[in-house]
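Q: sequence and predicted model, in that order:
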Amino acid sequence: MQKLEIELDEETLAKINQLAQTNNCQVSDLIKAMIDHLTQPEVLNDSSIGKWANDSELVDEMVADIFKHRNYRD
């Protein structure tokens, strides 16, 4: 595995940490689930995908939905 360092504003960091705690997982698990979801053919071909690029609340909802429907937990 490789490490990736990213910079997040405090609000986004707090949200992702809360999501990880709520879903009993690591932040890396959230990112993996989101990438898995976003690379599904039906998502990649959805022209509306760029609409949430600057909407952190929508991204939070999407990640929560991923965990809810995939039951993805460590």
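A: Good, I have the coordinates.
Q: ok, longest helix in this structure?
A: Using DSSP state H to define each element, the chain has its longest helix at helix 56-70.
Q: buried ones in that helix?
A: Buried residues in helix 56-70, counted by 16 or more other Cβ atoms under 10 Å: V59, D60, M62, V63, I66, F67. (C-beta placed from N, C-alpha, C; glycine too.)
Q: okay, those residues in JSON lines with pLDDT and distance to M34 next?
A: Below are the buried residues of helix 56-70 laid out as JSON lines (pLDDT from 0 to 100; distance: Cβ to Cβ, whole Å):
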{"residue": "V59", "pLDDT": "74", "distance to M34": "8"}
{"residue": "D60", "pLDDT": "77", "distance to M34": "10"}
{"residue": "M62", "pLDDT": "77", "distance to M34": "7"}
{"residue": "V63", "pLDDT": "77", "distance to M34": "5"}
{"residue": "I66", "pLDDT": "77", "distance to M34": "7"}
{"residue": "F67", "pLDDT": "74", "distance to M34": "10"}
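Q: any weak-confidence spans in the chain?
A: 42-54, 70-74 (pLDDT under 70).
Q: apply 50 and report the result again.
A: Within the chain, the ranges that satisfy pLDDT under 50 run 72, 74.
Q: ranges for the helices of it?
A: 10-22, 27-38, 41-44, 56-70.
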